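Novice: Sharing a model that was predicted from the sequence below.
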Amino acid sequence: MATLLLLIPDLMFSVRVSDVARALGHTTREVPAAAALLAAAREDAAAIIIDTQTRSDWQSAVRDLKADPATAALPILAFGPHVDVTAARQAVGAGCDRIVTRGKFAAELPQLVQELLT
């Protein structure tokens, strides 16, 4: 059983991700702000999912995660609106391992979670 950290302010999406992870035999932990990601990842995490619409500084948190030897190997999936090209570029620049549109995230959630945790 793996733990998936979630930085997803949208309650509908966070619940959906939690339900899918549970169905696949995993657990989730919601992180209230980007500043808490590094500490949470050091405690117990197998992967991280970030909504690029998060109002906190998720880009700096991703850079910190990738710079820390204890968390650098954790896969990070970012998702956001298909029209927000800037956020997608920021996700790539910060070090996210995979970036998908919100539509693809919703449509392929079980497969994306499974791939992220394997």
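Specialist: Received, thanks. Numbering: from 1, shown residues only.

Novice: Next, name the residue at the spatial heart of the protein.
Specialist: Ile49 (1.1 Å; Cα atoms, centre = their mean).

Novice: In the chain, mark out all the helices, start to finish.
Specialist: Using DSSP state H, the helices found in the chain span residues 11-23, 37-43, 58-67, 85-94, 102-107, 109-116.

Novice: how about those helices, which one is nearest Ala73?
Specialist: When these are compared for distance to Ala73 using Cβ to Cβ, the nearest one is helix 58-67, at 9.2 Å. Where you see a C-beta, it was placed from the backbone N, CA and C, and this is true even at glycine.

Novice: Dump the helices of the chain to CSV, plus mean neighbour count, mean pLDDT and distance to Leu5.
Specialist: Shown next, in CSV, are the helices of the chain (neighbours: other Cβ atoms under 10 Å; pLDDT from 0 to 100; distance: least, Cβ to Cβ, whole Å):
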stretch, mean neighbour count, mean pLDDT, distance to Leu5
helix 11-23, 16, 94, 11
helix 37-43, 17, 93, 6
helix 58-67, 19, 95, 10
helix 85-94, 16, 91, 15
helix 102-107, 15, 95, 16
helix 109-116, 17, 95, 11
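
Novice: how about CSV for those, with distance to Ile76 added?
Specialist: Below are these laid out as CSV (distance: least, Cβ to Cβ, whole Å):
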stretch, distance to Ile76
helix 11-23, 14
helix 37-43, 9
helix 58-67, 6
helix 85-94, 8
helix 102-107, 13
helix 109-116, 9
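
Novice: Right, I'll call it a day here.
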